[in-house]
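Enquirer: Pasting a predicted model and its sequence here:
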Amino acid sequence: MSRCGRSWWTGGFAVGALACVALPVAVIAAHGETLESALVHAYQNNPTLNSQRAAVRATDEGVPQALSGYRPRVSITASGGEQSLGTTTKTTTTPNSYTTQTGYNSPFSAGATIAQTIFNGYQTANRTRQAEAQVLAARSTLRLTEQTVLLNAVTAYMNLLRDTAILDLQRRNVEVLQEQLRQVRDRFNVGEVTRTDVAQSESRLAAGRSQVLTAESNYKTSGATYRQVIGNDPGKLTPGTPVDRFSPNSLPNAVGSAGASHPAVVTAQFNVDVAQSQVKVAEGALYPTLSVQGNFQKNYLAAGNLNTMESYNASVLGQLSVPIYQGGAEYSAIRQAKETLGQKRLDFDIARDQVRQTVVQSWGQLDAAKANIDATTAQVQAAEIAVNGVREEARVGQRTTLDVLNAQQELVNARVALVTAQRDRVVASFTLLSAVGRLAPQTIGLRVPVYDAQVHYEQVRDSWSGVRTPDGR
């Protein structure tokens, strides 16, 4: 049960930066960075995600490359230049005589060749199916990358929010310890306490300042991670909200949903399809191939001949090639492809097992995080009562200065534990959603244009020519 709308105060010491994890972000504050806006920035700007999108677009080009096997191939050739020729011939009559012929010419020839494959053992069809499966696998990998980036963004956001609150707690703790040391020194001056009490207060103040330095270091580290993952410098952060409502309502349902639709499982399944198509492509090398080739060539002033002014030749020929034996490489390629197919099937099983393990683990972590909220809240409340009681007892001489210092440190530790538990609560809910395979902009309702990989695929699939990409590069 999350608790909102309150801060805990004792001796000027406050905690509450993460105390509203269950309250919608829009209600908490009208200004400042929210978890939703951070996720939008990460979705748009994260370089890892943009890199994977580019990888998907590059994979799309495999389909038109495979489809090119259905299309004709056309080439044009031309040659020309200057020649100097000289020939001397001997007659067979008696007496012998010799005839010499010399001259210059500028031969030129131009030709065109058109080749069309009619049958190649279904290799083009299988390569096309393989390329399409690779595209679908790449899209699933993109979905997995999206989940990873969004979860990293949530973690970075909540870590920075946690470390900000802890830094504030430690700074306020130092203020309380400074006031405590001043009071102990005043009492020492009037003989109510000993020098030992002063030394204990000084030691605890030094330890508090050390904790502030550690908290500042953690805060700066979290800020740098935030900048790396989300892509902009953090502003004033508002509390985050769990996303339990988007996850399945039971562990069996979560396991079943993840096993059927998690991007890692879907990617492994398409990789099996890719490997299966590769087996068929390799087997196609054993089939005969049939092609038709048309040639035309026109020559002017033939090279090596001063008497030919022009000539041409044209032909349309069919070619049938039947492989008999090619050294055994094609058989090895088939065996290799079958072994790869077996490996991908095992990878598919491994992916499902890993996803199931992650779901069970994430479910347990979320349950523990929910329970930890109640436990640490009770711990803070009890520590507040204890520190107030110890202070009152110390005033009448029933408690020592060390007892007060220990009670104060226990309160600080309890509040740090509560802040950490509230952070863990939010991150655990997103982790479970990612483990199930549902952490996507559409699911959590991010107000951002969703990247559609199908658009680029349709733009390039049937492209016959051109070197410019759809975005104009």
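Expert: Good, I have the coordinates.
Enquirer: chain center to the strand or helix carrying residue 137: distance?
Expert: Assigned by DSSP states H and E, residue 137 falls within helix 123-189. Put simply, helix 123-189 sits 16 Å off its chain's centre (Cα atoms, centre = their mean, to the nearest Å).
Enquirer: now swap in stretch 421-430 and tell me
Expert: 22 Å.
Enquirer: any low-confidence regions in the stretch 201-350 of the chain?
Expert: 302-307 (pLDDT under 70).
Enquirer: can you give me the strands in it?
Expert: 289-300, 310-321 (DSSP state E, counting those that start in this stretch).
Enquirer: rewinding a little: would you mind pulling up the elements that the helix holding residue 137 packs against?
Expert: strand 13-15, helix 35-45, helix 47-60, helix 62-67, helix 195-230, helix 263-283, helix 401-436, helix 453-460 (3 or more Cβ pairs under 8 Å, 6 or more residues apart in numbering; DSSP states H and E). Just so you know, the C-beta spots here come from the backbone N, C-alpha and C atoms, and that holds for glycine as well.
Enquirer: that older thread, please identify which of the strands of the stretch 201-350 of the chain is closest to residue 185.
Expert: With Cβ to Cβ as the measure, strand 289-300 is the member of these nearest residue 185 (97.6 Å).
Enquirer: Flag every buried residue along the closest one.
Expert: 289, 290, 291, 293, 297, 299, 300 (16 or more other Cβ atoms under 10 Å).
Enquirer: Spell out which strands sit alongside that strand in the sheet and which way each one runs.
Expert: strand 108-119 (antiparallel), strand 310-321 (antiparallel) (DSSP bridges).
Enquirer: follow-up on the earlier one: tell me which of the helices and strands packed on helix 123-189 sits most buried.
Expert: helix 401-436 (a mean of 23; mean count of other Cβ atoms under 10 Å).
Enquirer: what's the nearest residue to the most centrally placed residue in the chain if we skip its chain neighbours?
Expert: By Cα atoms, centre = their mean, the chain has its centre lying nearest to residue 145, at 2.8 Å. Take residue 145 and drop its neighbours on the chain: the residue closest to it by Cβ to Cβ, 6 or more residues apart in numbering is residue 52, 4.3 Å away.
Enquirer: cool, residue 399 as well?
Expert: Per Cβ to Cβ, 6+ apart, closest to residue 399 is residue 393, 4.1 Å.
Enquirer: For the one you found, what are phi and psi?
Expert: phi -70, psi -30 (degrees, to the nearest 10).
Enquirer: Quick check, pLDDT for it.
Expert: In this model, residue 393 is scored at 89, pLDDT.
Enquirer: Could you tell me how many residues sit around it?
Expert: Per other Cβ atoms under 10 Å, the neighbour tally for residue 393 reads 15.
Enquirer: There's contact between it and residue 407 in this structure, I believe.
Expert: No: Residue 393 lies out of contact with residue 407 (Cβ atoms under 8 Å); the separation is 9.9 Å.
Enquirer: rewinding a little: out of the helices and strands packed on helix 123-189, flag the one nearest residue 85.
Expert: Using Cβ to Cβ, the helices and strands packed on helix 123-189 put helix 62-67 closest to residue 85, at 46.4 Å.
Enquirer: other SSEs contacting the closest one?
Expert: helix 123-189, helix 453-460.
Enquirer: how far out from the middle of the chain is that helix?
Expert: 25 Å.
Enquirer: Let me see the mean pLDDT of whatever helix or strand comes next after that helix.
Expert: Using DSSP H and E, the helix or strand that directly follows helix 62-67 along the chain is strand 73-80. The average pLDDT for strand 73-80 rounds to 92.
Enquirer: In the sheet, which strands lie alongside strand 73-80, parallel or antiparallel?
Expert: Under the rule (DSSP bridges), strand 73-80 has strand 108-119 (antiparallel) as partners.
Enquirer: Okay, buried residues for the partner strand please.
Expert: Buried residues in strand 108-119 (16+ other Cβ under 10 Å): 108, 109, 111, 117.
Enquirer: Could you dump those residues into a markdown table with distance to residue 321 and pLDDT added?
Expert: Listed next are these as a markdown table, based on distance: Cβ to Cβ, whole Å; pLDDT from 0 to 100:
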| residue | distance to residue 321 | pLDDT |
| --- | --- | --- |
| 108 | 34 | 89 |
| 109 | 28 | 89 |
| 111 | 23 | 94 |
| 117 | 11 | 94 |
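Enquirer: nearest to residue 466, of these?
Expert: Nearest to residue 466 among the buried residues of strand 108-119, counting by Cβ to Cβ, is residue 117 at 22.5 Å.
Enquirer: Sweet, I'm off.
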